[in-house]
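1. Prediction below, plus the sequence it came from.
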Amino acid sequence: MSCSDRRRIGRFEPSKKVCCCCCSTFLFFNSNLLIIFFSVSESNLEWKGPFRFIQAADSQFGLFDELSYVDWSGPVEAALEASRAYKARASSVWTEELRLAQLAIKQWNSMTPRPAFVVVCGDLVNEFPGHQQRPLQVADFKRTFRELDAKIPLVLLPGNHDLLNRPTEAAVEAYRADFGDDYFSFWVGGVFFIVINVQYHKDPQLVPALAAEHERWLDRQLEEVKEHQGSYKHIIVFQHIPWFLRHIDEPDDEIVSV
């Protein structure tokens, strides 16, 4: 696995940098071990046939407890008000989310052939930045996902619960300190993967400079695709909130589409 523009992914310890080194290898931090997984070589850029990776999302430690308090099947405004009341509470539990995450990791670790990587597409934990329960949920997330086989890279990206529905610079910096870069790209087996921070598209009002930087970076990735048209077997984009649910021209939804 290599990454473009020297961006980091997947580090668990803010004191240790995980980055591209000399544009020749990608260093991945997982289970407290610094491991070189893939080199930037023709073999990594060349398609040699299908391979397996795991795409997950919304591990969201603490969600089930909130769902027991908030009815999202009714009017959106009423649900949002109930959610705000819930988040004013001092504590929540996430025992079931821990159990399900551990069950999933156990299954991933036992797969043959081994997955090329696991990607968790946002909402890693449930509480928003600034909530007193969030550090506890983040700590449990890290502790749980360290059970993933150290030979399986873990790729993370943020959702609205990781950056707020209207992201702030402080929330972005906190995410980067906890989990690494919020957007990046990489190659595996002839496939080009682009990981974006869709919260910059959903509501960039408080982070215009960060959103503009992300937009310029994304343009460069698309130029990469254009310049090497035909070189990649597939181009895959990972993000949290989808662009649309059923039709590309459908109106934006307040919560679930961009």
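-> All right, it came through fine.

2. which SS class is the residue nearest to residue 113 when sequence neighbours are not counted?
-> Nearest residue to residue 113, sequence neighbours excluded (CB to CB, 6 or more residues apart in numbering): residue 52, at 6.2 Å. Bear in mind the C-beta positions are built from the backbone N, C-alpha and C, glycine included. Using DSSP: H, G, I helix; E, B strand; the rest coil, the structure places residue 52 in coil.

3. got the residue ranges for the strands in this structure?
-> Listed in chain order, the strands of the chain (DSSP state E) span 2-3, 20-21, 25-30, 33-39, 54-56, 118-121, 154-157, 184-188, 191-195, 234-238.

4. By mean pLDDT, show me the worst of those strands.
-> Comparing mean pLDDT across the strands of the chain, the lowest value falls on strand 20-21: a mean of 32.

5. what residues are up against the residue lying closest to residue 233 once chain neighbours are set aside?
-> Using CB to CB, 6+ apart and skipping residues adjacent in sequence, the residue nearest residue 233 is residue 47, 3.7 Å away. Contacts for residue 47 (CB atoms under 8 Å, 6 or more residues apart in numbering) come out as 189, 190, 191, 232, 233.

6. and the residues you listed as CSV, adding distance to residue 204 and neighbour count?
-> Below are the contacts of residue 47 laid out as CSV (distance: CB to CB, whole Å; neighbours: other CB atoms under 10 Å):
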residue, distance to residue 204, neighbour count
189, 34, 19
190, 33, 18
191, 29, 17
232, 29, 18
233, 33, 14
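
7. ok, of the residues you listed, which one's closest to residue 95?
-> If you rank those by distance to residue 95 using CB to CB, residue 191 comes first, at 36.6 Å.

8. Against residue 210, how distant is the closest one?
-> 27 Å (CB to CB, to the nearest Å).

9. Pull out the buried positions in the lengthiest helix in the chain.
-> Counting residues, the longest helix found in the chain (DSSP state H) is helix 208-227. The neighbour-count check on helix 208-227 (16 or more other CB atoms under 10 Å) flags 210, 211, 214, 217, 218, 221, 224 as buried.
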